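Novice: Could you look at this predicted model? Sequence included:
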Amino acid sequence: MDGSNRRILVQGVKHPYGLTVFGNNMYWTDWQKMSILKADKFSGGDVKTLRYNLSGLMDIHAVQLDSGGKEELLPF
């Protein structure tokens with residue numbers, strides 16, 4: 001684990017701040033876009049904006065609320 005196998009998954013991210021991983025996805029907050037976005041954690045594909053126009057975004061956490069795998073995003 002020396003970082004020699006790093007790769008770029010998503011291009012064009014303006015100002016990422018918080019980052020969390022849950023299931024097969026990664027989620028992040030973007031200060032410039034004032035948004036929460038997600039992408040596939042293996043390929044970086046299927047980028048989607050989940051929420052936008054959120055001023056003051058900081059960190060983000062994903063938690064599993066039930067045994068069925070339902071996820072809940074908690075922006076802070």
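Specialist: Structure's in. What do you need?

Novice: what's across from Ser35 in the sheet?
Specialist: For Ser35, the beta-bridge partners are Asp30 (DSSP bridges).

Novice: list the contacts for it?
Specialist: Residues in contact with Ser35 (Cβ atoms under 8 Å, 6 or more residues apart in numbering) are 29, 49-54, 57. C-betas here are computed from N, CA, C, even on glycine.

Novice: quick one: it and Ser55, what's the gap?
Specialist: Between Ser35 and Ser55 the computed distance is 11 Å (Cβ to Cβ, to the nearest Å).

Novice: Might one say that Phe16 is in contact with Trp28?
Specialist: If you look again at residue 16, you'll see it is Pro, not Phe. Yes - the pair Pro16 / Trp28 is scored as a contact, 4.9 Å apart, by Cβ atoms under 8 Å.

Novice: What distance do you get for Ile8 to Ser43?
Specialist: 11 Å.

Novice: Not counting residues beside it along the chain, what's closest to the spatially most central residue of the chain?
Specialist: Nearest to the geometric centre of the chain sits Tyr27, at 1.2 Å (Cα atoms, centre = their mean). Spatially, and ignoring its direct neighbours in sequence, Tyr27 is nearest to Lys38 (4.8 Å; Cβ to Cβ, 6 or more residues apart in numbering).

Novice: surely the one you found meets Lys48?
Specialist: Yes - Lys38 lies in contact with Lys48 (Cβ under 8 Å); the separation is 5.5 Å.

Novice: Give the residue from those two that has the larger number of neighbours.
Specialist: Lys38 (18 against 9; other Cβ atoms under 10 Å).

Novice: ok, the more buried one - contacts?
Specialist: 25-28, 46-48, 50.

Novice: Out of the residues you listed, which two are the most distant from each other?
Specialist: Greatest spacing in those, by Cβ to Cβ: Trp28 and Asp46 (14.0 Å).

Novice: The two - which one has more neighbours?
Specialist: Shown here are Trp28 and Asp46; by other Cβ under 10 Å, Trp28 has more neighbours (19 against 10).
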